[in-house]
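K.L.:
what follows is a predicted protein model with its sequence.
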Amino acid sequence: MLETFLFFVFAVLSVVGALGMLISRSPVAAALWMVQVMLAIACLYLTLNAAFIGVVQVLVYAGAIMVLFLFVIMLLNLEDMPSVGGIDWRKVVAGVLGVAVLAQLLALVVVRFGAIPDAPSAEEAVAATDVPYLGVALLTEHAFTLQIVGVLLLAATIGAVVLAKKRFV
Amino acid sequence: MITDFVPLFIMILLALGLALTLLKLQQWLGPYQPGKIKGSPYESGQDPVGSARERYSIKFYLVAMIFIVFDVELVFLYPWAVSFGEFLQAGGGAALGALAVVGLFLFILVVGLIYDIKKGGLDWD
Amino acid sequence: MYDFLLADTARVLPILVVAAVGIAVILLDAFRNDSPSIPWLAGAGLVAAFVLEGFKLYDPQVAFFGQVYSGGAAAFANMVVLLGALGSVVLSVPYLKRIGHNYGEVHALILFATVGMMTLASAGSLITLFVGLETMSVCLYVLTGLVREEKGANESALKYFLLGAFSTGFFLYGIALLYGATGTMLFSEMVEGLAVTERTGIFVGGVALLLIGFLFKVSAVPFHMWTPDVYQGAPTTLTGFMSTASKAAAFAALVVVLARALPVDLVAGEVQITLSVVAAVTMVVGNVIALAQTNVKRMLAYSSIAHAGYILAGLAAGTGEGYGGALFYLLAYTVMNVGAFGVLAALEWDKEQGAIQDIESLAGSGYRQPILGVTMGVFLFALTGFPPLAGFIGKYLVFAAAVDAGLTWLAVVGVLASVVSAYYYLRILVVMWMKPETDAPEAARQPFALATSTTVVLSLCALLLLILGVMPGGVIEAAQSYFDAGAIVAGR
């Protein structure tokens, strides 16, 4: 009961944040709206019993990635966008048509392949997101993949230096 | 369970509420006598004129990129730290194996750090 | 808990060798900046991994609880990737020296990209697949933008990165839906998982999104828009690398997904229709647009789109022959395209002349550097699909598989498209050999030297194409032994 209530609270918060991000004319304000989206989504993960993913969401996205966003905004020296004069009706019609076509396609898929079933209950999912369980899986089953992730991060470090350091021009 | 996090939410609400209340309170209670000099921002005696949107140097970006890489690395270390007890309990050198796997992962990233230091990725030139 | 570790490490040893050599290169570069021994080290590592994979060609195994396939088809694909990487490393050294960008980092990034490609081609689960794909892509984005002072290179790197990230989004959503539908990340357990949950709707959605991600990476129409710009802007030898090795890895992974993760009726139904239509459109669009190009690099980019179409025809067949034919085609394609871009790189003998790679600037270059002219002739004939070169065998295998699978119309479209392709491939040869040198712009007529390593690699590529074309028996047998005809080889 509480979970359902909280789900709707955070779902509304995230959708409002996303809309605010799209509508706001200032890039910095848009970035701050996005922080709200990220935090609300992190809370949504918590309601799904995926505490680890929620924490990572805050740590990586709301923390690090958003810092990068603000950096880029400052690097590019973005001005506020001019506010919209009127509504472009062609775009509205195009949007409505696009949504209609998508709905049709989805309906076709559902008709052809059967309806989308219920998700597993939160209790069922809890075992798989338990952090110690995750750690054991990461270090045994995915031991090789973990090393490749290390290589990926190393390549990203080198790439950042190669692309941004003055020496390489 | 989500209910485990109720104290966390309460704390977030408290923190938010405290900050907002204090802001509002000082507006109501504090004396408000604006003046031209008083209203100007303090910049060590310099006259702060011009846009606040100065263009940033790309060097900040490099530092931020490297920060992100090591931030993501941290995400992988967290499950290891939490699950290490289970490896100790399993016995039969499982803890040693886990240590080796994480050690190799860390080594790869330390190589990145060495590279950064040697190539001046962290220097401000 | 770690009884599996030693045996499984041995199974993925070639990948680890390449990764270790890459790390060694980075350490060497950190302490001895741009040391001249770096390319040697990188080359030695690639050769070692190639030999190690060679031993496992007939020894398919799974490692890490099914997360990774080793040996068999994975070994074949990895050898193709390593071949492309090796050729690119050797060809890159003189080219990058000339344009003043011969950094040690380049070779390390090529090695790391190779690690990603090998992981991708050996993936046994969606997680490994994604990690391999990302490792490969991140390295390629950086390599594309290597020549930072050039506007075109920056543009192409940014385009590649943005569109690549976008396609990664599709890929990830596909993975998420597939996991939601089957409850497993392992290819070998997917069919069973689907049978338990019966979430076919989500499953098909996931397959569609995953296919979009794959089709983007192999630059099939209509997800090909980035290819010409990226291939034109990237350093030429590295274009050769990304157009061959990355495509080989992505196709090998797609083959594994089709053959081992998807239910047979889906592969023979909706997926076959989708793939065959995409293959037909890709072949036609790639070849027809290539006709209109005057820039040779761009033309080869469209040609590589067309070749993705030919390979997709083999995949659309959905039989063991089709998959094996596609693997053989990837080998032939890697050799001929690395060679062709190597020739173009050698013709860019300084920063200004030839860097534009307009077709006119090649006039008479066959006589000035006969080695380049002759080897380019071999590569272009192979790309067209003339016997007795390997390109012909590859095309024969994929089209024959398509006909056997009842897709005769697709084979007809493919053959007609290759006839069209002969026009623009042979036009390059005509310009190189039959136009007088005076047709080329004044600046493009300076004499230039050819590095010995370039000569050796190009000759070896041409020779290999001839050998594969005349005596393909053993290789075809190996390639077609991996996947049973129309059946699923699940697990071990």
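P.N.:
Sure, I can see it. Numbers count the residues shown, from 1 in each chain, chains lettered A, B, ... in the order given.
K.L.:
confidence score at residue 37?
P.N.:
All of this refers to chain A. Each residue has a pLDDT score; the one for residue A:37 is 93.
K.L.:
please refer instead to chain B.
P.N.:
You'll see residue B:37 listed with a pLDDT of 76.
K.L.:
let me know the helix or strand that it is in.
P.N.:
In this structure, residue B:37 is located in helix B:36-39 according to DSSP states H and E.
K.L.:
any idea how far the very next helix or strand once past that helix is from the chain center?
P.N.:
As assigned by DSSP H and E, the chain's next helix or strand after helix B:36-39 is helix B:58-90. Using C-alpha atoms, centre = their mean, to the nearest Å, the distance from the centre of helix B:58-90 to the centre of the chain it belongs to is 13 Å.
K.L.:
and what of stretch A:48-56?
P.N.:
In terms of C-alpha atoms, centre = their mean, the centre of stretch A:48-56 is set 13 Å apart from its chain centre.
K.L.:
pLDDT of that stretch, averaged?
P.N.:
Across stretch A:48-56, pLDDT averages out at 83.
K.L.:
mind checking if that stretch is in reach of chain B?
P.N.:
Yes - under the criterion of C-beta under 8 Å from any C-beta of the partner chain, chain B is reached by stretch A:48-56 at A:49, A:51-52, A:55-56. C-beta here means a position set from N, CA and C on the backbone, and glycine is covered the same way.
K.L.:
now a ChimeraX select for only the buried ones of the residues you listed.
P.N.:
In ChimeraX syntax, the buried subset of those is picked out as below (16 or more other C-beta atoms under 10 Å in any protein chain shown):
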select /A:49,51,52,55,56
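K.L.:
output the residues of stretch A:48-56 next to chain B in CSV, with secondary structure and distance to residue B:9 appended to each entry.
P.N.:
Shown next, in CSV, are the residues of stretch A:48-56 next to chain B (DSSP: H, G, I helix; E, B strand; the rest coil; distance: C-beta to C-beta, whole Å):
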residue, secondary structure, distance to residue B:9
A:49, coil, 15
A:51, helix, 13
A:52, helix, 18
A:55, helix, 14
A:56, helix, 19
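K.L.:
among the residues of stretch A:48-56 next to chain B, find me the one that's closest to chain B.
P.N.:
Proximity of the residues of stretch A:48-56 next to chain B to chain B (C-beta to the nearest C-beta) peaks at residue A:56, which lies at 5.2 Å.
K.L.:
the closest one contacts residue B:75, doesn't it?
P.N.:
Yes - using C-beta atoms under 8 Å, residue A:56 makes contact with residue B:75 at a distance of 5.2 Å.
K.L.:
all strands for chain A, in order.
P.N.:
Secondary structure of chain A (DSSP state E): no strands located.
K.L.:
low pLDDT regions in it?
P.N.:
A:84, A:113-129, A:169 (pLDDT under 70).
K.L.:
for it, which residue gets nearest to chain C?
P.N.:
residue A:159 (3.6 Å).
K.L.:
how far away is the nearest residue to that residue once chain neighbours are set aside from chain B?
P.N.:
Of all residues not flanking residue A:159 in the chain, residue C:142 sits nearest, at 3.6 Å (C-beta to C-beta, 6 or more residues apart in numbering or on different chains). In this view, residue C:142 and chain B are 12 Å apart by C-beta to the nearest C-beta, to the nearest Å.
K.L.:
run a quick neighbour tally on residue A:85.
P.N.:
As a burial measure, residue A:85 scores 6 neighbours (other C-beta atoms under 10 Å in any protein chain shown).
K.L.:
max-length helix in chain A?
P.N.:
helix A:89-113 (DSSP state H).
K.L.:
can you pull up the most central residue in the chain?
P.N.:
As the question left the chain open, I've gone with chain A. With the centre of chain A defined as its mean C-alpha position, the nearest residue by C-alpha atoms, centre = their mean is residue A:38, 6.6 Å away.
K.L.:
switch to chain B, please.
P.N.:
residue B:71 (8.6 Å).
K.L.:
what's the helix or strand encompassing residue C:43 in contact with?
P.N.:
Mapping residue C:43 onto the secondary structure by DSSP H and E places it in helix C:38-55. Contacts of helix C:38-55 from elsewhere in the structure, counted by C-beta atoms under 8 Å, 6 or more residues apart in numbering or on different chains, are C:13-15, C:17-18, C:20-22, C:24-25, C:28-29, C:75, C:78-79, C:82-83, C:85-86, C:89-90, C:92-93, C:104, C:107-108, C:110-111, C:114, C:118.
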